[in-house]
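**Student:** Next input, structure requested:
(4 chains)
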4 protein chains.
Amino acid sequence: MPARRVLLGIRRMSEPEQDGPLRVTVWGENVHERREEDVRARYPQGMHAAIAQGIAARLGERVRVRTATLEEPEHGLTQSVLDDTDVLTWWGHAAHDQVDDSVVDRMQEAVLGGMGLIALHSAHYAKIFGRLLGTSCSLRWRNEGERELVWTVDPAHPIAAGVPQPIVIAASEMYGEHFDIPAPDELVFVSSFAGGEVFRGGCCFRRGAGRIFYFSPGDQDYPIYHHPDVQRVIANGVRWAAPPSGVRRAAAGSSESPRAWFERAGA
Amino acid sequence: MPARRVLLGIRRMSEPEQDGPLRVTVWGENVHERREEDVRARYPQGMHAAIAQGIAARLGERVRVRTATLEEPEHGLTQSVLDDTDVLTWWGHAAHDQVDDSVVDRMQEAVLGGMGLIALHSAHYAKIFGRLLGTSCSLRWRNEGERELVWTVDPAHPIAAGVPQPIVIAASEMYGEHFDIPAPDELVFVSSFAGGEVFRGGCCFRRGAGRIFYFSPGDQDYPIYHHPDVQRVIANGVRWAAPPSGVRRAAAGSSESPRAWFERAGA
Amino acid sequence: MPARRVLLGIRRMSEPEQDGPLRVTVWGENVHERREEDVRARYPQGMHAAIAQGIAARLGERVRVRTATLEEPEHGLTQSVLDDTDVLTWWGHAAHDQVDDSVVDRMQEAVLGGMGLIALHSAHYAKIFGRLLGTSCSLRWRNEGERELVWTVDPAHPIAAGVPQPIVIAASEMYGEHFDIPAPDELVFVSSFAGGEVFRGGCCFRRGAGRIFYFSPGDQDYPIYHHPDVQRVIANGVRWAAPPSGVRRAAAGSSESPRAWFERAGA
Amino acid sequence: MPARRVLLGIRRMSEPEQDGPLRVTVWGENVHERREEDVRARYPQGMHAAIAQGIAARLGERVRVRTATLEEPEHGLTQSVLDDTDVLTWWGHAAHDQVDDSVVDRMQEAVLGGMGLIALHSAHYAKIFGRLLGTSCSLRWRNEGERELVWTVDPAHPIAAGVPQPIVIAASEMYGEHFDIPAPDELVFVSSFAGGEVFRGGCCFRRGAGRIFYFSPGDQDYPIYHHPDVQRVIANGVRWAAPPSGVRRAAAGSSESPRAWFERAGA
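**Tutor:** Purely as a prediction, here's the structure:
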């Protein structure tokens, strides 16, 4: 008999209203905003607020958006909040290490059970991202405000709907290959930078029942989360990452299955 | 600048002799063998010895094989041993939790840097496997000694070379879908069982520079590691998983890259 | 300048009503039905009618379904019909060679432009399927009415929604590996048969803007298209395969793109 | 019983010498060379000769290289030549339509049976490439001699061995996304151009037993096939694409398989 691993039993989750709005939680570290005046000027209520507002503006009644930040108890991600979240977006940078491992465990379980995850920019180094992907997620970088062109390589992908070819970001932090991720299940966007580097900055991964979308533009030194095309991508990503059936089940453990367990009366 | 994650710097590794033999380490838990007389009768020197002998028998001078077990200091997987290993095979079942996290960290770094990993049977619940895949790796099971047929679904894959269609295993433990793994990068074998279940029991994954092959048959209650076709698959897997260039580099961290860093004199 | 290939210009297509029903065309060969009394008894209006009724029963107002058969002019698939089709389902067996190449060209162009395709059972040998996949699509088979179990290997996939694990088909034609297809972009179902064979019978492929779902059960000697779980899968497949944006564009040719072609005023 | 499709029976193929050199056939259209003085000056014996010499220089005794051109009988690709070829490289541009369909059929059968194919530059529009991939393979282009940087996105891939990051090509024809190909089974290189465009120019596909590598740089207006890094990539590609077992079997048709066909005496 196999030794039992972590994730267990059924958890009572709050259900979305039938055909109700997607419940989105936008998580922000909220460290740079409090620490650096220019970031605060750029994002007066925090990047998380700008991201949340972008989602709400584009999806209207189809979403119900809340925010959560690092400094809140349990980083604002109690079991109850996660049970009431269809899609979680994540932006972190300066304080990855301060995210509590028990919260990371909880998030991993939620994703494997169907919660969507949108990982933004420096979230490539977030504990939850590495937990789900298994690689170092390292990359090359240069922060000189050069122009970024975000090219769609899969125009029929739902996340690319209504997105111009290319998205032009006037000033951005360069992220360059080699990006140490597993081969994405779906590659949607590839960026180029003025210095010539390229980066697979729009990637989809499936882990358990959960859908993960990583989108690279978004350094705190630039107003990228106010950019309408970036907001469009994030909104599309939220819709794509939502659990298909609307209901999340806890990730199953292994089950002993007697012969003919699946036979049904009359089948 | 991105916050720096775990893996760092260059490690001095012992190099394989130029075009020298593959250095294989076969890790076994060695718990059932010591605890259960019938397992000991089946595998007098332990499953790890049978697996190692199978590899050596088929690959001869092309490999140099050693074993390591849970009860050894650092589970036999010191940094030095890992630096001197091209491919690690892993069989564990009853004591996954006893594997020290620092050894798991070390193994993950080695795989990301290019060390191959062959995960066998109940290793689907090994810490290192979950660390690299990010999912629960749960499955259905039934241990009634039923017949297993291992079907090749990718006959041109190197791991399928010389393997009959199907491999017939007279008595085996049923592993059945749903197997909670990420979609494999390559699917080589699918098993069926007398009870009707199926299982994607031969899968390849790439993580960083490392190649991972999971092969499901191998419960300790059956002489499966003496089965010539199973030994053939494992030998093929070892050859496939070996780092292409023969040399392993430590996984890179993120590096700040000034404009034109890649320009070369005369290029 | 690259030599120009086949597909060309913009075609005027009839648009679906805004947020209107999916327009589904169910194509059937209608040869066995006319030729064999037992098939006719099983499917009095033809397999295509049973398939169409199953889709309509499950999707109601969300679809508008029509049928087309081989013996109609242009096999019922004029340019106008294809322009008015969001998803085409295909069942053929005895007369693949009779499908006119110009109709196949037309269908390929439509799929690349976004029309979905559901290929059923012996459609693995349909001209359109081989045209899109590039492989021989050969397989093993045995027609002895043995039981088939259709196992879901990706339970979170939209096509698996509401589908029991496994689907039990009392009598079926065995299709067995090796199935010479490219590695599917997504693998949803794997079947096992009483004789022990397995088959990757539920696969998804993306070609251009089009989505293709192949589903293997469905020999004319069995009432499989009356099976409620099979109808559920086909209905799910139709929804999955529908072009995301609802509008189909002709596949683009290559375009010469001057420097800065993408710059936009004000960007 | 399934209707029988094209590919048939066992063909007698000339076998490579046991552990003998890879047999490589380099096919060139040889139209631009004869038609345009500057191309002839750049490639006095034709692009195919330069490509062949590059392969021979890097792989020495491990290969036996020959060339073939469009104007030869059967384009130099008789059944006998293909049976004696482990890897075929293809460069075509101005005369794709002139390649005889029966030769394309023959090549497709060979690839499905295990012959490797390296498709170079404008071969994206070659009949054989579209036959194997099923999509239009269209792209954006601009021929202004701008700089191309070929970035490795999978540094552990065998085709990337010994390749600098990035490859710098001083003057090249821009090929840009969207490149209408199926999602590659493996993505090795992504190019950027001075104008900002990106292109997935180094992709691997598996079709049947055959391996296909597409590599985009190589317009006839530039000396790209003399570029040492490009020659390195092509040599790596040839080694990667070689049939694993060294022997090629004809693609199998479908076979009726009676119950227990696979049982073996003593198994």
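
**Student:** Parallel or antiparallel, which strands does the lengthiest strand in chain A pair with?
**Tutor:** The longest strand of chain A (DSSP state E) is strand A:140-152. When pairs are called by DSSP bridges, strand A:140-152 turns out to pair with strand A:167-176 (antiparallel), strand A:186-193 (antiparallel), strand B:255-256 (parallel).

**Student:** any idea which of those scores lowest on pLDDT?
**Tutor:** Least confident of these, judged by mean pLDDT, is strand B:255-256 with a mean of 92.

**Student:** Off-centre distance for the helix or strand bottoming out on mean pLDDT in chain A?
**Tutor:** Ranked by mean pLDDT, DSSP states H and E, the helix or strand of chain A with the weakest confidence is strand A:255-256, at a mean of 92. Centre-to-centre, strand A:255-256 and its host chain are 32 Å apart (C-alpha atoms, centre = their mean, to the nearest Å).

**Student:** next one: stretch A:25-39
**Tutor:** The answer for stretch A:25-39 is 17 Å, by C-alpha atoms, centre = their mean.

**Student:** One more: stretch A:98-113?
**Tutor:** That offset, for stretch A:98-113, works out to 13 Å (C-alpha atoms, centre = their mean).

**Student:** Kindly report the same for stretch A:176-186.
**Tutor:** Worked out by C-alpha atoms, centre = their mean, stretch A:176-186 lies 16 Å from the chain centre.

**Student:** With mean neighbour count and distance to C:Q79 added, can I get the strands paired with strand A:140-152 in CSV?
**Tutor:** C-beta here means a position set from N, CA and C on the backbone, and glycine is covered the same way. Shown next, in CSV, are the strands paired with strand A:140-152 (neighbours: other C-beta atoms under 10 Å in any protein chain shown; distance: least, C-beta to C-beta, whole Å):
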stretch, mean neighbour count, distance to C:Q79
strand A:167-176, 22, 35
strand A:186-193, 25, 31
strand B:255-256, 12, 55
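
**Student:** mind checking which of those strands is nearest A:S138?
**Tutor:** strand B:255-256 (8.0 Å; C-beta to C-beta).

**Student:** mind listing the helices in chain A by residue range?
**Tutor:** Along chain A, the stretches classed as helices by DSSP state H are A:32-35, A:37-42, A:47-59, A:79-83, A:101-112, A:127-133, A:228-241.

**Student:** need these in JSON lines with distance to chain D and mean pLDDT, can you?
**Tutor:** Shown next, in JSON lines, are the helices of chain A (distance: least, C-beta to the nearest C-beta, whole Å; pLDDT from 0 to 100):
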{"stretch": "helix A:32-35", "distance to chain D": "29", "mean pLDDT": "96"}
{"stretch": "helix A:37-42", "distance to chain D": "25", "mean pLDDT": "97"}
{"stretch": "helix A:47-59", "distance to chain D": "24", "mean pLDDT": "98"}
{"stretch": "helix A:79-83", "distance to chain D": "32", "mean pLDDT": "97"}
{"stretch": "helix A:101-112", "distance to chain D": "23", "mean pLDDT": "98"}
{"stretch": "helix A:127-133", "distance to chain D": "15", "mean pLDDT": "98"}
{"stretch": "helix A:228-241", "distance to chain D": "16", "mean pLDDT": "98"}
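
**Student:** Any idea which of those gets closest to A:A161?
**Tutor:** helix A:228-241 (5.7 Å).

**Student:** Give me the helices and strands touching the closest one, please.
**Tutor:** Counting contacts by 3 or more C-beta pairs under 8 Å, 6 or more residues apart in numbering or on different chains; DSSP states H and E, helix A:228-241 packs against strand A:22-28, helix A:47-59, strand A:87-91, strand A:116-120, strand A:167-176, strand A:210-215.

**Student:** Could you list the paired strands of the first one along with their orientation?
**Tutor:** Listed by DSSP bridges, the sheet partners of strand A:22-28 and their directions read strand A:63-69 (parallel), strand A:87-91 (parallel).

**Student:** Next up, the contacts around the residue nearest the centre of chain A.
**Tutor:** The centroid of chain A falls nearest to A:I118 when counting by C-alpha atoms, centre = their mean (1.3 Å). By C-beta atoms under 8 Å, 6 or more residues apart in numbering or on different chains, the contact set of A:I118 is A:V87, A:L88, A:T89, A:W90, A:I212, A:F213, A:Y214, A:F215, A:I234, A:G237, A:V238, A:A241.
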